[in-house]
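Asks: turn this into a model:
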Amino acid sequence: MKRHKHNPLLIFQINEITEYQIYRKLAGLQKNEQNRQILMELSDEELIHYQILRKYTGKNPAANKRKVGFYLLIARLLGLTFSIRLIAKGEKFAQQTYRNMPVEDLRKIAHDEEIHEEKLIGLINEEGLNYMGSVVLGLNDALVEFTGALAGYTFALQHSKLVALTGAITGIAAALSMAASEYLSTRAEKNPGKNAIKASIYTGIAYIITVAILIIPFVLLPNVYWGLGICLSGALVVIAIFNYYYSVVKNESFKRRFAEMAIISIGIAAISFFIGYALRALTGIQL
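Replies: Down below sits the predicted model:
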C-alpha cells in the first residue's frame, strides 16, 4: 500500500474494481431476480468508474481480494442489506473527493455514487428484514424488563445461583409470553409480508438469547454484585452490537439509538435495584 500513498486516484481505482467484483459476486448469490439485476447494474457502473480513473492513472490495478472475501462473508453471515450498506458508507469519502476535483469525469463518478445510495435504499427484498421489528421488540423488552428484574433479584436474593435460577424461569416465561403476543399482534395486522409464526419465533429467540447472555455472569461468578456488574456490561455490549447493525441496515444514527436504549435499560435496572433493597428492608426477609 505504501506505493499508492501519494496517488489517491489509484487507491480509488482499486476500490472501484474491488466493489465491481463484490457486487458481481453478490449478484451471483441472489435467488431474487430483482436483487440480482440491480447488483449487476451497480457492478457495471463500478467497472465504468474504474475505466474512467484508468485514463488519469494509466494503470490497471487488481481488486483487493481480501476486501472482496470480507464483504461476501459479511453478506452470508449478516445479510445482503448490511453488507451493501457498509460498502455505501465506505463510498462517502470517495464521493467528497471526486466532488472537490476540477475534473468533469470525476464529478460524474461522485454523482453516480450518490445514485448508488438511492438505489440501495430501495434495493433489497430480504425476508429477514421484514421481521426486524420483531427482533427489536424481543431485544428491547428483554433488555429493559429483564435487566431491571435481575437488578431487583440481586438485592432481594443476594445469592448468584438463586438470581440465575429465578432469572431463567422469569426469562423463559417472559420469552414465551412475548412470542405469543407477537403472534397474535401480527395475525391481527394481516400484513401479507409477515408470517405470524415466523414473527413470534424471531421475537422469542431474540428474547431468550438476551436472557442467556444476562444470566451467565450469575451462573459463573459467586459474588452476586460482580455478577450484576458483568450482566449490565453485557447488556451494554448487546445494545451496542444490535444498534450498530440496525443503524447500518436502516441508515439511522447509531449514537442516538444506542444512548436512548442504554439510558432506559440501565435506568430501569437502577430503579429495580433500589426497589429490591426497599422490599427486603420492609419485609425483613433474609435468605
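Asks: how about the nearest residue to the most centrally placed residue in the chain, chain neighbours excluded?
Replies: The structure's the chain has its C-alpha centroid closest to residue 245; by C-alpha atoms, centre = their mean the separation is 1.3 Å. In space, and not counting its chain neighbours, residue 245 is closest to residue 82: 6.4 Å by C-beta to C-beta, 6 or more residues apart in numbering. (Each C-beta comes from the backbone N, C-alpha and C, glycine too.)
Asks: likewise for residue 257?
Replies: residue 243 (4.6 Å).
Asks: quick one: that neighbour from residue 86, how far?
Replies: Relative to residue 86, residue 243 is positioned 15 Å away (C-beta to C-beta, to the nearest Å).
Asks: who's more crowded, the two?
Replies: residue 243 (23 against 16; other C-beta atoms under 10 Å).
Asks: what segments of the stretch 51-200 of the chain are helices?
Replies: Assigned by DSSP state H, counting those that start in this stretch, the stretch 51-200 of the chain shows helices spanning 65-78, 80-100, 104-121, 132-141, 147-157, 160-189, 196-220.
Asks: looking at the ones you listed, which is buried most?
Replies: With neighbours defined as mean count of other C-beta atoms under 10 Å, the helices of the stretch 51-200 of the chain peak in mean count at helix 147-157, which reaches a mean of 24.
Asks: how about residue 40, what does it touch?
Replies: Neighbour list for residue 40: 23, 24, 27 [criterion: C-beta atoms under 8 Å, 6 or more residues apart in numbering].
Asks: which of these lies closest to residue 238?
Replies: Nearest to residue 238 among these is residue 23, at 31.7 Å by C-beta to C-beta.
Asks: show me what contacts residue 216?
Replies: Residue 216 neighbours (C-beta under 8 Å, 6+ apart): residue 234.
Asks: tell me the pLDDT at it?
Replies: Looking at residue 216, its pLDDT reads 93.
Asks: now it: how far from residue 72?
Replies: Going from residue 216 to residue 72 by C-beta to C-beta gives 32 Å.
Asks: same check on residue 105?
Replies: Going from residue 105 to residue 72 by C-beta to C-beta gives 30 Å.
Asks: just to revisit the earlier point, what distance do you get for the residue nearest to residue 245 to residue 253?
Replies: Distance, residue 82 to residue 253, by C-beta to C-beta: 17 Å.
Asks: before we move on, what about residue 40?
Replies: When distance is defined by C-beta to C-beta, residue 40 is 32 Å away from residue 253.
Asks: cool, residue 196 as well?
Replies: Separation of residue 196 from residue 253 (C-beta to C-beta): 31 Å.
Asks: and for residue 262?
Replies: Residue 262 is 14 Å from residue 253, by C-beta to C-beta.
Asks: the more surrounded of those two?
Replies: Applying other C-beta under 10 Å to residue 262 and residue 253 shows that residue 262 carries more neighbours, namely 17 against 12.
Asks: which ones are touching the more buried one?
Replies: Residues near residue 262 by C-beta under 8 Å, 6+ apart: 236, 239.
Asks: check which helix or strand covers the nearest residue to residue 46 once chain neighbours are set aside.
Replies: Distance criterion C-beta to C-beta, 6+ apart; nearest residue to residue 46, sequence neighbours excluded, is residue 20 at 3.8 Å. According to DSSP states H and E, residue 20 maps onto helix 8-29.
Asks: per-residue confidence for residue 21?
Replies: 94.
Asks: and it, how far is that from residue 41?
Replies: Per C-beta to C-beta, residue 21 is found 15 Å from residue 41.
Asks: go on, residue 15?
Replies: Per C-beta to C-beta, residue 15 is found 18 Å from residue 41.
Asks: so these two - more neighbours on which side?
Replies: Taking other C-beta under 10 Å, residue 15 and residue 41 do not tie; residue 15 has more neighbours (23 against 14).
Asks: got the confidence number for the more buried one?
Replies: pLDDT for residue 15: 89.
Asks: and for residue 78?
Replies: In this model, residue 78 carries a pLDDT of 82.
Asks: next: residue 103.
Replies: Listed pLDDT for residue 103 reads 65.
Asks: pull the number of nearby residues for residue 226.
Replies: The tally of other residues near residue 226 (other C-beta under 10 Å) stands at 14.
Asks: what sits against it?
Replies: Going by C-beta under 8 Å, 6+ apart, residue 226 touches residue 217.
Asks: how about the one 3 residues further on?
Replies: The contact partners of residue 229, taken as C-beta under 8 Å, 6+ apart, are residue 217.
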